[in-house]
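Peer 1: Here is a sequence together with a model predicted from it:
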Amino acid sequence: MAKLLRDIAYVRSGDKGDICTAGLVAKTPQDYGVILRSVTPDKVKALYGDWIKGEVTCYPMDNIQALVVVMQQALGGGATRTLRLDQTGKALGHALLRLPAVD
């Protein structure tokens, strides 16, 4: 079975308005490069489909071996306005851990 990001990364996430931010932190120094190869704006948009209406930007943070993913217009109008069930930043952030880890 293929490895998933949940096997190599921790996630912390949050939301403000209609923006979701998720930080993926490598469990080991060797895993950081895998995260960088595995998480791209295109792969994030493909994972969520039309749930993300805006831009996805990935910011590498080499000093702490983490990648911050910012998803614009990703919460259906905002966590307190959306009609989606449990679509706060925490739910979307944890879903990133389902992406395959690309060696």
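Peer 2: Received the coordinates, thanks. Note that this is a predicted model, so its numbers are computed, not measured.
Peer 1: next one: stretch 64-71 to chain centre, how far?
Peer 2: Centroid displacement of stretch 64-71 relative to its chain, using Cα atoms, centre = their mean, to the nearest Å, is 8 Å.
Peer 1: Can you point out the buried residues in it?
Peer 2: By neighbour count on 16 or more other Cβ atoms under 10 Å, the buried set for stretch 64-71 is 65-71. All C-beta spots, glycine's among them, are computed from the backbone N, C-alpha and C.
Peer 1: What mean pLDDT does it get?
Peer 2: Per-region confidence: stretch 64-71 scores 97 on mean pLDDT.
Peer 1: how about TSV for the buried residues of stretch 64-71, with distance to residue 25 added?
Peer 2: What follows is the buried residues of stretch 64-71, written out as TSV (distance: Cβ to Cβ, whole Å):
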residue	distance to residue 25
65	7
66	4
67	8
68	10
69	12
70	16
71	17
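Peer 1: got these as TSV, with distance to residue 34 and secondary structure columns?
Peer 2: Listed next are these as TSV, based on distance: Cβ to Cβ, whole Å; DSSP: H, G, I helix; E, B strand; the rest coil:
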residue	distance to residue 34	secondary structure
65	11	coil
66	13	strand
67	11	strand
68	16	strand
69	15	strand
70	21	strand
71	21	strand
